[in-house]
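**Student:** give me the fold of what follows.
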Amino acid sequence: MRIQVRYESNRLDVFDTASFTKPEPFDGANMLTNFEVRVDELGNTGLWLVAHQYEVAEAYAKAADEGETPIARRKRGWKFLLAEARELPGVESVVIDGQTTLMRIAGELADMVRFEQMCELWLPMSAGKSIATRVVLLFDALCAAFPEHAADANTIARMCGFSTRAIDELRERIAPNMPNTEEDEEGWLSEFYEATDHEEI
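**Tutor:** From the prediction side, this is the model:
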């Protein structure tokens, strides 16, 4: 796993679980490593990487019933601090294995994995539009799709991976550039009628 944390100061921290790590990182026979990138308590404790192990041993095989596949034991591993809580205001983005996981937008770290997944589900024709435009379109689409939650803007915003404050700011900033569908349709119709007025009957 490769994690990149970029700061607004242009500092770039790169964490690589493969580089300079021995093939057997845990004591015993570790057959599977479970990595957790903990972003759920960013403001309180910082950004952490947690690595647990799935250990196999002859004793586990002997403990299994005859004909049954033995079960590896999941054991707690270690926590690694990637960014301290005091550093978080300066974090611009977090990229994991080439995928942008967190990005600072409108002053806040947005969940880009959730955002992209929801766009793929609800805005399949939005390719080519800016992130800011897609955020607003996605929020409006989810309000229409989930009227039972539309009154609670926070719930819809979390479904987008953003906060309501960030979405409101983006909406305000892109408003001058958002197309007015009704005006566009009226303009198209007026051109149509002007053309037909000059046709001979």
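**Student:** what's the neighbour count on L137?
**Tutor:** 17 (other C-beta atoms under 10 Å). (C-beta placed from N, C-alpha, C; glycine too.)
**Student:** okay, now the domains of this protein?
**Tutor:** The chain breaks down into these domains under automatic domain parsing: 2-94, 112-182.
**Student:** per-residue pLDDT, A83?
**Tutor:** pLDDT recorded at A83 is 94.
**Student:** nearest residue to it other than its sequence neighbours?
**Tutor:** The spatially closest residue to A83, leaving aside those adjacent along the chain, is L47, at 4.2 Å (C-beta to C-beta, 6 or more residues apart in numbering).
**Student:** E36 too?
**Tutor:** Take E36 and drop its neighbours on the chain: the residue closest to it by C-beta to C-beta, 6+ apart is V50, 4.1 Å away.
**Student:** now do the helix or strand containing the one you found: which elements does it pack against?
**Tutor:** Assigned by DSSP states H and E, V50 belongs to strand 47-56. Contacts defined by 3 or more C-beta pairs under 8 Å, 6 or more residues apart in numbering; DSSP states H and E place strand 47-56 against strand 29-38, strand 73-83.
**Student:** contacts for the shortest one, please.
**Tutor:** Right, strand 29-38. Residues outside strand 29-38 that contact it (C-beta atoms under 8 Å, 6 or more residues apart in numbering) are 1, 3, 17, 24-26, 47-57, 72, 74, 77, 94, 96, 101.
**Student:** list the neighbouring strands of it plus their orientation.
**Tutor:** strand 47-56 (antiparallel) (DSSP bridges).
**Student:** okay, strands next: where are they in the chain?
**Tutor:** 2-7, 12-16, 29-38, 47-56, 73-83, 91-96, 99-105, 108-111 (DSSP state E).
**Student:** what packs against the last one?
**Tutor:** Helices and strands touching strand 108-111, as assessed by 3+ C-beta pairs under 8 Å, 6+ apart, comprise strand 99-105, helix 164-174.
**Student:** adding mean neighbour count and distance to G128, write the helices and strands packed on strand 47-56 out as CSV.
**Tutor:** CSV is the format used below for the helices and strands packed on strand 47-56 (neighbours: other C-beta atoms under 10 Å; distance: least, C-beta to C-beta, whole Å):
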stretch, mean neighbour count, distance to G128
strand 29-38, 14, 30
strand 73-83, 14, 33
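**Student:** of all the ones you listed, which one is nearest A141?
**Tutor:** Comparing the helices and strands packed on strand 47-56 against A141 with C-beta to C-beta, the closest turns out to be strand 29-38 (28.2 Å).
**Student:** quick check: angle from the closest one to strand 12-16?
**Tutor:** 150 degrees (axes from the mean of the first three to the mean of the last three C-alpha atoms, to 10 degrees).
**Student:** sorry, back to before: any idea which of the domains of the chain is most buried?
**Tutor:** Of all the domains of the chain, domain 112-182 has the most neighbours on average by mean count of other C-beta atoms under 10 Å, namely a mean of 15.
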